[in-house]
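*Asks:* Task: produce atomic coordinates for the following.
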Amino acid sequence: MQFYHDLDKELADNDEMNIFIITCENIMLPINNAFVQEFERRAAQKRKGRAGGSLEDVTSFVLNYFKIPASSAPEHFQADIEVDKWIRTSDKWLIGISCKRTLRERWKQVSSADAALLSQYKIKHVYHIITFDEDLSDDKITLLGRQRHIFYLPDNSRILKRAQKFIGLKEYIRPISQLIQDLVKEIN
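*Replies:* Now for the predicted structure:
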């Protein structure tokens with residue numbers, strides 16, 4: 001509960017960020033349908049850029065709260081990969097965190113970056129935090145998954161539930177509530 005108190009204090013004067021409190025609850029606790037429906041309703045009312053930026057801010061807050069060291073991508077980094085945060089793993093590789101409401105804007109750009117490029121920059125994985133996944137097709141999941149991209153979707157996502165049933169998809173897609181646990185495993 002201290003987490004929610006800290007979050008409320010941090011975001012008290014920022015109406016734009018308040019709509020994303022549910023994302024933090026999603027990471028912290030098992031989620032129920034009412035929270036996700038309200039989150040999606042509010043997020044849909046915001047412009048895409050503002051929603052994505054606020055999601056990035058909330059993700060930064062959550063990473064800080066759990067003491068997961070993360071840094072922004074250097075401005076000179078141009079590897080066909082748009083990443084919002086970088087996390088160094090215990091084996092000295094990087095995990096990129098990409099925060100977007102939907103993958104629609106990025107998927108073609110991301111798909112052009114091949115695994116060799118990821119290896120060149122010592123990028124172990126790119127984790128995509130996506131809150132609206134209805135345009136995330138099996139083809140996109142498979143194409144990007146083979147290139148070391150992993151998708152974190154709302155726990156009650158229809159796409160998540162369907163993909164977890166298929167061998168070719170389930171290794172590339174995870175519930176958002178698993179994000180912190182996965183990151184902690186990677187950095188320790």
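*Asks:* isn't there a strand covering V126?
*Replies:* Yes. If the criterion is DSSP: H, G, I helix; E, B strand; the rest coil, then V126 is within a strand.
*Asks:* I'd guessed H125 sits against Y152; true?
*Replies:* No. Look at H125 against Y152 with C-beta atoms under 8 Å: they stay out of range, at 11.1 Å. Yep, even glycine has a C-beta here, placed from its N, CA and C like the rest.
*Asks:* Among the two, which residue is more densely surrounded?
*Replies:* Comparing H125 with Y152 by other C-beta atoms under 10 Å, the one with more neighbours is Y152, at 26 against 19.
*Asks:* count of residues packed around the nearest residue to P175 once chain neighbours are set aside?
*Replies:* Spatially, and ignoring its direct neighbours in sequence, P175 is nearest to D155 (4.4 Å; C-beta to C-beta, 6 or more residues apart in numbering). The number of residues packed near D155 is 21, by other C-beta under 10 Å.
*Asks:* Could you tell me the per-residue confidence at D155?
*Replies:* On the pLDDT scale, D155 is placed at 90.
*Asks:* Equivalent analysis for G96, please.
*Replies:* At G96, the model reports a pLDDT of 91.
*Asks:* got it, and the one 5 residues further on?
*Replies:* Looking at R101, its pLDDT reads 77.
*Asks:* pretty sure it is in contact with I129, am I right?
*Replies:* No. Counting by C-beta under 8 Å, R101 stays clear of I129, with 9.5 Å between them.
*Asks:* hey, what's in contact with both of these two?
*Replies:* L55 (C-beta atoms under 8 Å, 6 or more residues apart in numbering).
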